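Asker: I would like to see how this sequence folds:
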Amino acid sequence: MACRALSRIVQGKVMHFRRRPFENRFVYPVFYLLFNCDEFDKHNSWLFGVNRRRPLSLHFEDYGDGGDPRLWLRALLKQQGVTDCPGTIWLHSFPRVFGYAFNPVNFWYCERADGSIGAVVAEVNNTFGDRHCYLLRLDAERAEDQTLQAIKQMHVSPFYPVEGEYQFKFKMDFDAPHVWIDYLQSGELQLNTAIWGKSKPLTVSALFTALLKQPLLTVGVMVRIHWQALRLWLKGATFHQRPTPSSEEISR
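Answerer: Have a look, this model is predicted:
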């Protein structure tokens, strides 16, 4: 992403590894978009469109305040005092598949004028309809060798309380992106998650191939969330009630 380029589709895997109080690990295949937000008006075919009813699609209403995500992101960055990211914004997200999508987290990569990533907004969603954003700032001098921290602010899994911190790490490789998220409580690692893959240009052919391989991608995301929750409950994991959501849209 350090070079300006066209939107991509990434085929890869998601991994979750719960470490405490017992281990529970799973890996499953996914595909997602690494979408250049300057191209919202460019992509329109029988298979994919933006704000259109297509087998695969992106819809503004699924993100931010429901309007143009670029305007929402620019306002959010300005509010947080981020002034060095005037460049392209990239969206890392599952598309809607046959009209349905659930994204546990969307990443918005915000470029500096030189094309490097200066900020990442992690837009986290839970199954209750809550949403919270974490603003992560990258040091231009350290490139990828950075672990970015954020205090947990929102109820995500009923098997973890709203406490502790996330540690994010990003491999900014346009052809093979990789994101790691660790969750810690009192300095002890509780959960490892990661998503990675290989990218291709966002063409009808690449989208069609991905859809043929995983026609139930986004339904599968929700099914797996509930299946893993059932497994944890049967193993005796402590259940935490959903607290009142924070009124703050973003934290850092």
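Asker: Now do the buried residues in the helix or strand harbouring residue 205.
Answerer: Element membership for residue 205 (DSSP states H and E) is helix 204-213. For helix 204-213, the neighbour count (16 or more other Cβ atoms under 10 Å) marks 206-208, 210-211 as buried. From N, CA and C alone the C-beta is placed, and that goes for glycine too.
Asker: Can I get these in a markdown table including pLDDT?
Answerer: Conversion of the buried residues of helix 204-213 to a markdown table gives the following (pLDDT from 0 to 100):
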| residue | pLDDT |
| --- | --- |
| 206 | 98 |
| 207 | 98 |
| 208 | 98 |
| 210 | 98 |
| 211 | 98 |
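Asker: ok, of these, which one's closest to residue 163?
Answerer: Checking these against residue 163 with Cβ to Cβ, the nearest one is residue 210 at 37.4 Å.
Asker: How about the contacts made by residue 108?
Answerer: 69, 73, 89-92, 120-123 (Cβ atoms under 8 Å, 6 or more residues apart in numbering).
Asker: Just the buried ones from these, in ChimeraX syntax?
Answerer: Applying 16+ other Cβ under 10 Å to those, the buried members can be selected in ChimeraX as follows:
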select :69,73,89,90,91,92,120,121,122,123
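Asker: helices and strands around the helix or strand where residue 222 lies, which ones?
Answerer: Using DSSP H and E, residue 222 maps to helix 217-235. Contacts defined by 3 or more Cβ pairs under 8 Å, 6 or more residues apart in numbering; DSSP states H and E place helix 217-235 against strand 24-36, strand 96-97.
Asker: Return the set of buried residues in it.
Answerer: Here helix 217-235 shows 217-218, 220-221, 225, 228-229, 232 as buried, counting by 16+ other Cβ under 10 Å.
Asker: and the closest residue to residue 108 other than its chain neighbours, what is it in contact with?
Answerer: Excluding its sequence neighbours, the residue lying closest to residue 108 (Cβ to Cβ, 6 or more residues apart in numbering) is residue 121, at 4.2 Å. By Cβ under 8 Å, 6+ apart, the contact set of residue 121 is 73, 76-77, 107-108, 110, 133-136, 250.
Asker: Identify, from those residues, the entry nearest to residue 240.
Answerer: residue 134 (19.9 Å).
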